[in-house]
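[1] Sequence first, then the predicted structure, then my questions.
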Amino acid sequence: MKMSKLFVQTLREFPSDAEVVSHKMLARAGYIRKLTSGVYNYLPLMWRVLKKVENIVREEMDRAGAQELLMPFVQPKELWEQSGRWEVYGRELMRLKDRHNREMCLGPTHEEIITSIARDGLKSYKQLPVNLYQIQSKFRDEVRPRFGLLRGREFIMKDAYSFDTDEAGLDKEYQNMAQAYKRIFERCGLDTKMVQSDSGAIGGSVSHEFMVITDTDAGENDVFYCEDCDYSANSNHAISTLVEAVTDGGYEKAEIVDTPNTKTIEELCEFLKIPSTVILKSLVYIVDKKPVIALIRADKEVEETKLMNAVGGIDIRIATAPEIEELMIEKGFNAAKGFIGPKGMDGIRIIADNTVKDMKNFVVGINEADKHLVGANLGKDVIVEEYADIRLVQAGELCPQCGKPLKVTRGIEVGNIFKLGTKYSKPMNAVYLDKNGKTQPFVMGCYGIGISRTAAAAVEAHHDEFGIKWPLAIAPYHVVIVPVNIQDEKQMEVAQSLYEKLLANGVEAVLDDRDERAGVKFKDADLIGFPYRITVGKTISEGLVEYKVRESGVQEKVTPEVAAQHVIDAVKAL
Ligand code: ATP
Ligand code: MG
């Protein structure tokens, strides 16, 4: 490709709505162009990257025994009613009507469609196991589309679905997919961690996410991990053993005391001269539109996904001040935030974290402004019927497997694997005939990879202040050849012959034939992120060119032949 012909407009500035590096750089370097919120044009450079990621995914999925198909992007409501998700899938599901007033949706994922395909096409145990996948655009009307390709509304996903006769078969395929995912991300030049994660309210299911670990703002997930063993988990699923703490308040009897202006835990600790570990904190959440009270030892935080799962809901948020006020009025109290407690909350679901179990003679709100009950005890002053682990793990707490302190880091979820079991096959009546001629529901798994998110995550993981440093395997082109002065015949002749030689050897090369200053060409080369640059300048009179590796910044003067061979060898080794 000649640079003068390459369809790319680099921008002088980063777009003003770009918050994270990958969005800034992909937009500025001319890879993507926003069409509307969360929807992007993939321009030629981007499309080359995406196709490379897709091809790696495709090769590894095929190698793992999966078969590719392609399902429609538009889906009928009926199938979603069969699975029961038409009602519960929130506003991320983009619903529309056709000219006959039939309701449809844009596919955010394809469990319903694939299950109906299996239902029609897989009749006997003899046809199992099967793993089917596709690579396709998805649409989710995300509440907060942001970070460019990392969280778009339209994005490209690889989604695979496996069908087995039993759990043992599913376990095997799950491992098979985990291995395939490791190879995929390794080949994409990405360091990933496979972490345990939440799998929603369906009990007993297992799921893992593949996280690109990053210290940039783009990491939307906290990952807790242990350096001494292999434990790692998303914060929505992580568990820990607590470090010893004082949980007995030492009060000799229960009594109501005045605690003026103690709206925060810190203020209450200060006022009563106690550690927060002897305070029982009460928080009001709204789960599926209904209030729920969460109780937890006050030095800890509630993990919302865990609480939502404990309640069995699908949507959760903390209550607003007016909602708390309304609840108080309804129950006949006059307290506000800071003084809330479980007392007198009949009819409201109360869930206590396991940390509450060990507390004695503690301090708790009683729904009266500027007052607390001190010396309270479970069973007497506070009645708890439901306990669950709803606690957000904190770094420094102990690994549940080996007892060493846990660490925390941020990650971008690029893929996940999920044991679905019979979640879809049962309600959709997707069954096969077993050896005894009995009908059985398929035991399913599903496996997703965000193709466009993976490409953007690669930028988060590989860049510097000047631009992108693509891993060779997914770079739009492998090398750029820069003649410093295109008027110089010798320079152009060497550059041209290098270019031809590289192309002839299967290298994807760009010749920067623009009549621009060398500085401009170098800047563009760094921004676009070509893994290698060969500069043909004045030293060509001594038979030397400059060979530069983008990732390491290493540059050396070598003959054109040596430079070409370096690149050819690197590409061959892919
Ligand atoms: P997230 O928690 O980030 O919203 P998810 O759990 O909703 O992800 P899945 O439904 O499991 O994601 O989708 C599979 C993969 O698709 C994810 O691992 C991710 O790589 C990608 N993905 C999901 N949502 C988006 C999005 N809005 N934009 C880009 N990629 C996405
Ligand atoms: Mg999501």
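    Thanks, I have it. Ligands and ions are numbered 1, 2, ... in the order given.

[2] Now do the strands in the stretch 301-450 of the chain.
    Applying DSSP state E, counting those that start in this stretch to the stretch 301-450 of the chain gives strands spanning 301-302, 316-318, 349-353, 362-365, 371-376, 387-388, 391-392, 407-421, 431-433, 439-441, 443-450.

[3] which helices and strands does the helix or strand just after the last one pack with?
    So that's strand 443-450. Heading C-terminal from strand 443-450, the first helix or strand you meet, by DSSP states H and E, is helix 451-461. Judged by 3 or more CB pairs under 8 Å, 6 or more residues apart in numbering; DSSP states H and E, the packing partners of helix 451-461 are helix 21-28, helix 44-63, strand 154-164, strand 207-213, strand 407-421. Placement of C-beta: from N, CA and C, glycine included.

[4] Would you mind listing what in the stretch 51-200 of the chain touches ligand 1?
    Taking CB under 6 Å from any ligand atom as the contact definition, the stretch 51-200 of the chain meets ligand 1 at 109, 140, 142, 151-152, 155, 157.

[5] Ligand 1: which of those is nearest?
    Nearest to ligand 1 among these is residue 155, at 3.5 Å by CB to the nearest ligand atom.

[6] Adding neighbour count as columns, could you present the residues of the stretch 51-200 of the chain next to ligand 1 in JSON lines?
    What follows is those, written out as JSON lines (neighbours: other CB atoms under 10 Å):
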{"residue": "109", "neighbour count": "19"}
{"residue": "140", "neighbour count": "23"}
{"residue": "142", "neighbour count": "16"}
{"residue": "151", "neighbour count": "22"}
{"residue": "152", "neighbour count": "26"}
{"residue": "155", "neighbour count": "22"}
{"residue": "157", "neighbour count": "22"}
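
[7] Please report how far the residue of the chain found nearest ligand 1 lies from residue 410.
    In the chain, the residue that lies nearest ligand 1 is residue 450 (2.3 Å; CB to the nearest ligand atom). Residue 450 is 17 Å from residue 410, where distance means CB to CB, to the nearest Å.

[8] who has more neighbours, the two?
    More crowded of residue 450 and residue 410, by other CB atoms under 10 Å: residue 450, with 26 against 18.

[9] Within the helices and strands, which one has residue 114?
    Using DSSP H and E, residue 114 sits in helix 111-121.

[10] near ligand 1, which residues of the chain show up?
    Residues of the chain lying near ligand 1 by CB under 6 Å from any ligand atom: 109, 140, 142, 151-152, 155, 157, 413-416, 448, 450, 452-453.

[11] Settle this for me: residue 485 is touching residue 491, isn't it.
    Yes: assessed by CB atoms under 8 Å, residue 485 is found in contact with residue 491 at 5.8 Å.

[12] to the chain's geometric centre, what's the distance from stretch 184-198?
    Taking CA atoms, centre = their mean, to the nearest Å, the mean C-alpha location of stretch 184-198 is offset from the chain mean by 11 Å.

[13] cool, stretch 161-175 as well?
    Put simply, stretch 161-175 sits 24 Å off its chain's centre (CA atoms, centre = their mean).

[14] Stretch 332-351 too?
    How far stretch 332-351 lies from its chain's middle: 35 Å, per CA atoms, centre = their mean.

[15] Any buried residues in that stretch, and which?
    By 16 or more other CB atoms under 10 Å, the buried positions in stretch 332-351 come out as 333, 335, 337-343, 345, 349-351.

[16] What is the most widely separated pair among the residues you listed?
    338 and 349 (21.5 Å; CB to CB).

[17] which element is the nearest residue to residue 505 once chain neighbours are set aside on?
    Spatial nearest neighbour of residue 505, chain neighbours left out: residue 568 (4.7 Å); criterion: CB to CB, 6 or more residues apart in numbering. According to DSSP H and E, residue 568 maps onto helix 560-572.
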